[in-house]
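Colleague: Sharing a model that was predicted from the sequence below.
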Amino acid sequence: MANSNSPNGWRRPSMYDVAKVAGVSHMTVSRVLNGHPNIREQTRERVLAAIAETNFTPSSIARALATRRANRIGVIVDSPVQYGPNSTLRALEVAAREVGYAISAYSIAEGDGRQLDAGVVDLLAEGVDGLCVIAPRASSLDLLAGQNVNLPTVVIKSEPHPDIHTVGVDQHEGAMLAVNHLIEIGHRRIIHLAGPQDWYDARVRVRGWRDALTDAALDLSDPFVGDWTSDFGYRFGLAFEPDTATAIFAANDQMALGVIHGLHERGLRVPDDVSVVGFDDLPDARHFLPPLTTVRQDFAALGRLALSSIISAIDGEDNEQREMIAPKLKIRASTAPLRP
């Protein structure tokens, strides 16, 4: 594009040039570049075509100079060794890289609240533009509430927060999908192997299990609270009494794997004697013996949504207070209709 102030008559095309060619506002162009989910596909295609036509390339350096931003988002990750938080962080990093943002992550081990204080201080020292908190446990978010962060902040968790914008996967719907599947194939005695109750996801999955049973007018019992590990599931499977239930809903795939192992050693077959459902859809879940019926969380979509939300907050835009991604049920061979 020509520019009389440039020695060679050319200047780098801007977001405003793209907006003019596409016939949209520059904010719409920004949302497309940042992967915002609430953009019509027709509009997205028109903007992408305009980007190609103008040879527009987002420059993180130029953008940082113009906006006095670092184009860097700070992420505090609680319990990063667990599958959910780890997958969420990796998805967020991929989404950020695609739109020219960098991620500075600070990990917090379970049981050490002092690390959160240090993490906030370190990230603020790096001059991050906003903060994203992957907060699976209630205790970590309680500690964050005592911090004077004074930055645009988004929390990734499954329950709404009264003061902070939250995004997440709808854990309640996921649990309902799992239990309703078992009910639809004839099971009436369905027990739940829950995760630690300091974890938001675990608590919401318990609620979804109970709601599904209540809606079907089935008997309720107390969940068996585990620790997310296959070892716990294995011990549970070894001690399982066949007369107590015909189906088990495990709060994650690792515990489901251990349950199947323990049941096998008891001489109980899955799904002939007991049906088992997990949650997460680990990459290996389809290779369990038998392949595991489970609830899939779309971590890639969660990463894009979280990134779009924090960038919108940095830009000063009003957001919905809570945004959820729908999970999907993956039916495999670990569940079967109840035999008469």
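Modeller: On my side now, so go ahead.

Colleague: Where does pLDDT dip in the stretch 101-250 of the chain?
Modeller: Counting by pLDDT under 70, the stretch 101-250 of the chain has low-confidence residues at 110-114, 117, 142-149.

Colleague: Quick one: the helices in it, in order.
Modeller: 114-125, 138-145, 171-184, 200-215, 230-239 (DSSP state H, counting those that start in this stretch).

Colleague: The fourth one packs against which elements?
Modeller: Same thing as helix 200-215. In terms of contact count using 3 or more CB pairs under 8 Å, 6 or more residues apart in numbering; DSSP states H and E, helix 200-215 is assigned the packing partners helix 171-184, strand 190-194. Every C-beta, even on glycine, is put in place using the N, C-alpha and C of the backbone.

Colleague: again with the third one
Modeller: Contacts of helix 171-184 with other secondary structure elements, assessed using 3+ CB pairs under 8 Å, 6+ apart, are made with strand 190-194, helix 200-215, strand 247-250, strand 275-277, strand 294-296, strand 328-330.

Colleague: Nearest to Gly226, out of those?
Modeller: strand 190-194 (5.4 Å; CB to CB).

Colleague: Contacts for the closest one next, please.
Modeller: Outside strand 190-194, the residues within contact range by CB atoms under 8 Å, 6 or more residues apart in numbering are 179, 182-183, 202, 205-206, 209, 213, 218, 221, 223-226, 233, 236, 244-251, 255-256, 259.

Colleague: Can you say which of these are buried?
Modeller: By neighbour count, with 16 or more other CB atoms under 10 Å, the contacts of strand 190-194 hold 179, 182-183, 202, 205-206, 209, 213, 223-224, 226, 233, 236, 245-251, 255-256, 259 as buried.

Colleague: neighbours around Val268, how many?
Modeller: I think there's a mix-up here, since residue 268 is Leu and not Val. Residues near Leu268, counting by other CB atoms under 10 Å, number 15.

Colleague: what about it, which SS state?
Modeller: Secondary structure of Leu268, reduced to three states by DSSP: H, G, I helix; E, B strand; the rest coil: coil.

Colleague: Need phi/psi at it.
Modeller: phi -100, psi 130 (degrees, to the nearest 10).

Colleague: Please name the nearest non-neighbouring residue to it.
Modeller: Among residues not flanking Leu268 along the chain, Val274 sits closest, at 5.7 Å (CB to CB, 6 or more residues apart in numbering).

Colleague: Over to Ala301?
Modeller: Once its chain neighbours are removed from consideration, Ala301 has its nearest residue in Ile325; the separation is 5.2 Å (CB to CB, 6+ apart).

Colleague: Please list all residues in contact with that neighbour.
Modeller: Counting by CB under 8 Å, 6+ apart, Ile325 touches 167-170, 297-298, 301-302, 305.

Colleague: 7 Å instead, please
Modeller: Residues counted as contacts of Ile325 (CB atoms under 7 Å, 6 or more residues apart in numbering) are 169-170, 298, 301-302, 305.

Colleague: Take these and lay them out in TSV including neighbour count and distance to Ala109.
Modeller: Conversion of those to TSV gives the following (neighbours: other CB atoms under 10 Å; distance: CB to CB, whole Å):
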residue	neighbour count	distance to Ala109
Val169	26	23
Asp170	17	28
Asp298	16	27
Ala301	16	28
Leu302	24	22
Leu305	26	26
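
Colleague: Is Tyr200 in contact with Ile156, as I believe?
Modeller: No. Checked against CB atoms under 7 Å, the pair Tyr200 and Ile156 is beyond contact range at 9.9 Å.

Colleague: what about these two, which has more around it?
Modeller: When neighbours are counted by other CB under 10 Å, Ile156 comes out ahead of the other of Tyr200 and Ile156, with 28 against 24.

Colleague: beta partners for the more buried one?
Modeller: Legend: beta-bridge partners of Ile156 under DSSP bridges are Ile134, Val167.

Colleague: how far away is it from Asp122?
Modeller: 19 Å (CB to CB, to the nearest Å).
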